[in-house]
Each structure stands twice: as C-alpha cells, then as structure tokens.
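In: sequence and predicted structure, then a few things I'm wondering about:
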Amino acid sequence: MCGIVGYIGKRDVAPLLLEGLQRLEYRGYDSAGVVITSPKTPGLKMVKAKGRVRDLEARVPKRFAGTTGIAHTRWATHGAPSDENAHPHLDAENKVAVVHNGIIDNATDLRAKLVADGVEFLSETDTEVLTHLIARSQAPTLEEKVREALRLVEGTYGIAVLHADFTDRIVVARNGSPVVLGIGEKEMFVASDVAALVSHTRQVVTLDDGEMATIKADDFRTYTTEGSRTTASPTTVEWEAESYDMGGHDTYMHKEISEQVDAVDRVLRGRIDDRFSTVHLGGLNLDAREARTIRRVKILGCGTSYHAGLIGAGLIEELARIPADAEPASEFRYRNAVVDPDTLYVAVSQSGETYDALAAVQELKRKGARVLGVVNVVGSAIARETDGGVYVHAGPEVCVVSTKCFTNTVVAFALLALHLGRIRDLSVADGKRLIAGLRKLPDQIAEVLQQEGEIKKLAEEYAGAQSMMFIGRVRGYPVALEASLKLKEISYIHAEAYPASELKHGPLALIEPALPTVAIVPDDDLLEKNRAALEEIKARSGRILAVAHQEQEKADHTIVVPKNETELDPILMGIPLQLFAYHTALAMGRDIDKPRNLAKSVTVE
Ligand code: AGP
C-alpha cells in the first residue's frame, strides 16, 4: 500500500525522507519519489523513480539540500508503475507538490474539466488532478487552497502538500487513508504509518477522517476541511523503533513467526482473573448486563483477519453459547445486511486501516449497531471508529503476510469468548481449564517452533506441487483456510481449503499423487471422521501431510503438535503451517516479505 513521509525542521531533509520511505517498504509499492524545499532555497526540487527506494536514492543528486520535504511510495491503482506516475505530482509552474494515498472517485470528470481548461497532465494518476486544483486556486493561504480543492473531490485520501510560496509549512489532510503527525523537538514529521516516525519520535497525533493539519518546524495545528479548529490529542506509540528491525532474522516473516511466543504472552498479560476464573478486557466498554442482552455475534474482517474471525466465532458459540458467525467485511458492506440491535458486531483488523473493514464498521455505525474492534495497531481508524474493543498486542507486524497477529487475534477471541462465557453459563471448572490452557500456549508454541528443521524438509519435498488441498473439520476448517492462504500468498502455489466432510461432494475428483493434501487432524471428537477422510484420499493415491496430536498412519508425513484444550487447539495447529508456507516459498526463491501484487494494508477499495 502507498506510503507518505514528510518532514519540516532544521535538519537536511532528503536523508530523513529516504529513511522514512525505507521504513514503509514493507507495505508494498512499485515506485517512489521525494520533493524538497527550504525557506533559504525556495522552489521545489523533485526526484522520482519507478522501482525501489534504492533506485530513487541512486537518482538523488549530490547537491539536494532542503529542510522541508514530502515523499511517497506508490502502489499503482490509476496508471501503471512509471517515473511519470510516481508521486509527488507537480503543477506546470512547479509551485505545488502533492503526495496522495487513496482513490479520487471523480478524478475522470475533474480531469476532463481541467484539460478542457487548458491544463496539461503529465501522468495517468488521479492524484495529479489534486495538484492542479490546488495550483489554480486563488485563495490567499495554502490551507484555503487545499480546502477549496478538497471540496471538489469525492473519494478517499491521505495527502501532504508543499507549496513554493509557503515553504514554512506542510499541509496534510485525511479522509479514509491514515495520516499521523510526529511531534519532535523544533521539528515535525508526518507519515501514513507510525513505522516511519518511531525512530525520531513516539509522540504522535492521528488525524481523523475530515481533518487537516498545518505543520511547521516548531508548531502544528489541526482543523476540519471546513476550517474549524480541532483539538489534537497526542498519544505515545507503544512500539519501540527497534521492534521494526529484522532482529537478526533473514526476513520479517521469520522474525514474526518466531516472536509468537512473546506475542501470545503479551496478549494474555494482565487480563486473567484467577479469582473468578475469567478474564478482564479493559476497553471493551460492554458491562455484564449489556453482555447478557447479546443475542448474536457477527464478526467481520478480511483475509487472514476473516479467518481469525471464523475461529473466534466458533469459540464464542462454544464457550458463551451465543450464536456467532464470521463473514468477509468486503462482502458484508455491499449486501445491505439487516442490522440487528441485539447483535454484537466485531471488526477484526491487524492494521485497523483496511478500507473494506473500516467501511463495514462505518455502515454499521450509521445503522446504529454496537461494534467492537479486535485490532493490533493502537489508535488506528477501526480502533477509533468502534465503540470499544480488544487490542491484540502482537507488536508491529511488518511482513505483508500476517502470522503473529493472526495467532494473537485468535487468542484475543479466546479471551473474549471466555469473558462472555463466564458472564453467562460457562462453569468455574471450564473457566479454570481454559485459563490453564491459555497459560500453556507460549511454551507449547516454542515447542512447535523447535520443529522448524523437519518442517523445512517437508516443505522442500512438497514445494514442487502445482496445487495443494487443505482440509479440516469444524474447528480445523478455518485453520485449513488460513494455511492455504499463507501458502498462496508467499509461494504463489495454487491452494484451496475445504471442509473435510465436503471432499466426497466433489473435490475428491481432484485427488491424485500430484495433488498433495494437508489435513488438520486434532485429537477431538471428530478424530475418526478425519481419519476416514484420510482413508478416502489414500484410496485414490493422494499424498497426505497431517498436522495432528499423534502420528497418523494413513498420512505420508505427520507434524505432531502438543495437545492443549480442545477449544484452543486451532491456535497451535496453524503455526507449523506458517513455517511450511515460509520454507516452501524460500525453496522457490520467492520475495518473502514483499510478495508480488500484495500490500500490507489495503486502504483502498
Ligand atoms: C494476511 O496474510 C494478508 N496479507 C491479508 O489477507 C490481510 O489479512 C488482510 O488484508 C486484512 O488486513 P488487516 O488485518 O490489516 O485488516
């Protein structure tokens, strides 16, 4: 996803902007650019390039001095990746520079009007429309020029604007795409993601939709797009700059898989109440009396977050005995769903900025629903838009594919299910049992991670497959879905997941030696049913890799994971398959942290 970085202060701005862009590389992009200026040397100086930040850096001239600047990494939406389409975009007089995340829905109409008025466009992007609208404004101040332009725009944006006649400031605005201000000592930063700021400051101000800001070297102020002042409330980023480093691992993905022991410890910390065999979830904003009125839970998320929501729905239904289900947020928001006042809606998102999930939350709020957020990034849009929620405390997840945050999100759902269950009919004995199981998770995860060598060998053996099938039943099915997504995302091997019980209704036709099946086979009440599915596959010469609590004689290979409480087993069964996907992709020479076509946070539709 696109990235924005900006700086205004006394320091040489170009190196700061390039370092900020490097911090955002994990979000996925295909071109980059910077523009700088300074009160001493007015005028805008710009460099941009298709490709990586290092390609941009190679083009920056030796003498490229300035103390104010904005920069951008672009993930192409309108117009192919190219030098011309890279941001920033300047007007013909080189007075105005704009970097933009989001999509301007009415760009075509606005562009037609500008072209008819004699404006010459240099790019195919929607963003360039904004540049020309700002440049043509007769308003006296930069803030008013930007406001005037934004009043004509429909769509989503996070923007930063520089103007050659106002070199003492940067104007930024947010509507649907994150913008965060970083407060320094006589210097200010702006970015689309705190990852670009934390090495300089952890004091940040997150803009809301419809909010703008003017940042100067020693001051900033926030206001609405209509111009009325707003109150900025700085918060402290909880994550240290070091947590964004690779930490000695070859990839962020490997680091984040390995971090799951500590991450799960963090999501549990301070939340377990042994006295009443339950959990405390500060910030839920749902008291016991309200919790007892909930008649249904609907969980919404995208991709991996949706899969975590599926497991969460199962946990809530099983432990709290409340009917629960999960649905892709991207589907929910378009189907004009009936919003039920007795339903508790839960939005799940690592980034807290996924547009499809945020839009679903806004639609639900518009219809008067109660919405909780299960989110990783503190202060993110979904965290702020919902009525309360549970932070999953996975720490910054840099790799495009989600691993530790998936696991922490499922554990957070286990906590929520236990909390709701103990308000209702879940017994003390069951509460104690599940708390004991939760406390065992970090050590058991460490035990699973110790099998990495064997898993690597298995991955290399299966890496040649053109396609793979993943199967599981009930609790195991979402594990199969998530494992198949992991494999697809980073190895580019086609994979699909099916409920094991569905094999005989069609997918069994696919089974042959060339199509391996990964089967989730926990020691639960469905063990014999799962073993029967293995028989069906074996009878058709299918190869089987089982993830189980004991060797499966019908499987060609079994990865054995430690047994926990049946309801919590899905948490452990998914972890070896993260490593399986990782080593399969490695064996195939894939770009693990930046898989093709994908972005870490999809903040556009
Ligand atoms: C995760 O491996 C994927 N990269 C993707 O499916 C992701 O889970 C999805 O885009 C939702 O992101 P979010 O959790 O930040 O909302």
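Out: Happy to help now that I have it.
In: next structured bit after the helix-or-strand element of the chain with minimal mean pLDDT?
Out: Lowest on mean pLDDT, DSSP states H and E among the helices and strands of the chain sits strand 235-236, with a mean of 89. Scanning forward in sequence from strand 235-236 by DSSP states H and E, the next helix or strand is helix 252-258.
In: please enumerate the helices of the stretch 301-450 of the chain.
Out: 303-320, 329-332, 355-366, 381-385, 404-423, 428-449 (DSSP state H, counting those that start in this stretch).
In: for the stretch 1-150 of the chain, which segments count as helices?
Out: Counting by DSSP H, counting those that start in this stretch, the helices of the stretch 1-150 of the chain are 13-23, 53-59, 107-116, 127-136, 142-150.
In: for those, give me JSON lines that also has mean neighbour count and distance to the ligand.
Out: To be clear about C-beta, it is placed using only N, CA and C from the backbone, and glycine gets the same treatment. Shown next, in JSON lines, are the helices of the stretch 1-150 of the chain (neighbours: other CB atoms under 10 Å; distance: least, CB to the nearest ligand atom, whole Å):
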{"stretch": "helix 13-23", "mean neighbour count": "22", "distance to the ligand": "17"}
{"stretch": "helix 53-59", "mean neighbour count": "17", "distance to the ligand": "21"}
{"stretch": "helix 107-116", "mean neighbour count": "14", "distance to the ligand": "24"}
{"stretch": "helix 127-136", "mean neighbour count": "25", "distance to the ligand": "23"}
{"stretch": "helix 142-150", "mean neighbour count": "20", "distance to the ligand": "26"}
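In: mind putting these into TSV with mean pLDDT?
Out: As requested, the helices of the stretch 1-150 of the chain are exported to TSV (pLDDT from 0 to 100):
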stretch	mean pLDDT
helix 13-23	95
helix 53-59	93
helix 107-116	96
helix 127-136	97
helix 142-150	97
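In: any low-confidence regions in the stretch 151-300 of the chain?
Out: Within the stretch 151-300 of the chain, not a single segment meets pLDDT under 70.
In: quick check: the residue of it nearest the ligand.
Out: Nearest residue of the stretch 151-300 of the chain to the ligand (CB to the nearest ligand atom) works out as Met253 at 9.7 Å.
In: gap between that residue and Ile435?
Out: 31 Å (CB to CB, to the nearest Å).
In: so those two - more neighbours on which side?
Out: Met253 (29 against 21; other CB atoms under 10 Å).
In: so what's the residue count around the residue nearest to that one when sequence neighbours are not counted?
Out: Spatial nearest neighbour of Met253, chain neighbours left out: Cys399 (4.1 Å); criterion: CB to CB, 6 or more residues apart in numbering. Neighbour count of Cys399, defined by other CB under 10 Å: 24.
In: check Glu397 too.
Out: With other CB under 10 Å as criterion, Glu397 counts 27.
In: who's in contact with it?
Out: Residues in contact with Glu397 (CB atoms under 8 Å, 6 or more residues apart in numbering) are 256, 350, 376, 403-405, 600.
In: against the ligand, how distant is the nearest residue to it once chain neighbours are set aside?
Out: Among residues not flanking Glu397 along the chain, Cys405 sits closest, at 4.6 Å (CB to CB, 6+ apart). The gap separating Cys405 from the ligand is 7 Å, by CB to the nearest ligand atom, to the nearest Å.
In: equivalent analysis for Ala92, please.
Out: Taken as CB to the nearest ligand atom, the span from Ala92 to the ligand is 38 Å.
In: going forward, the N-terminal residue is numbered 19.
Out: Understood, numbering begins at 19; the last thing we discussed is Ala110.
In: tell me the pLDDT of the residue in the chain positioned nearest to the ligand.
Out: Closest residue of the chain to the ligand, CB to the nearest ligand atom: Gly321 (1.8 Å). pLDDT, Gly321: 97.
In: let me see the contact set for it.
Out: 420, 503.
In: swap the cut-off to 10 Å and go again
Out: Counting by CB atoms under 10 Å, 6 or more residues apart in numbering, Gly321 touches 346-348, 367-368, 372, 374-375, 419-420, 424, 500, 503, 507, 616, 620.
In: then Tyr409?
Out: Applying CB under 10 Å, 6+ apart, the residues contacting Tyr409 are 256, 284-285, 299-301, 370, 391-398, 401, 426, 430.
In: how does it look with 6 Å?
Out: Val396 (CB atoms under 6 Å, 6 or more residues apart in numbering).
In: so what pairs up with it in the strands?
Out: Beta-bridge pairing for Tyr409 (DSSP bridges): Val393.
In: need the residues of the stretch 469-618 of the chain near the ligand, please.
Out: 507, 616 (CB under 6 Å from any ligand atom).
In: can you pull out the strands in the stretch 469-618 of the chain?
Out: Ranges of strands in the stretch 469-618 of the chain, per DSSP state E, counting those that start in this stretch, are 485-490, 512-517, 535-539, 562-566, 575-578.
In: so what strands line up beside the last one?
Out: Paired strands of strand 575-578, with direction, are strand 562-566 (parallel) (DSSP bridges).
In: mean confidence score for the partner strand?
Out: Here the average pLDDT along strand 562-566 is 98.
In: if we can go back for a sec, ok, which of the helices of the stretch 319-468 of the chain comes nearest Glu229?
Out: helix 399-403 (11.5 Å; CB to CB).
In: what packs against the closest one?
Out: Using 3 or more CB pairs under 6 Å, 6 or more residues apart in numbering; DSSP states H and E, the elements in contact with helix 399-403 are helix 373-384, strand 388-393.
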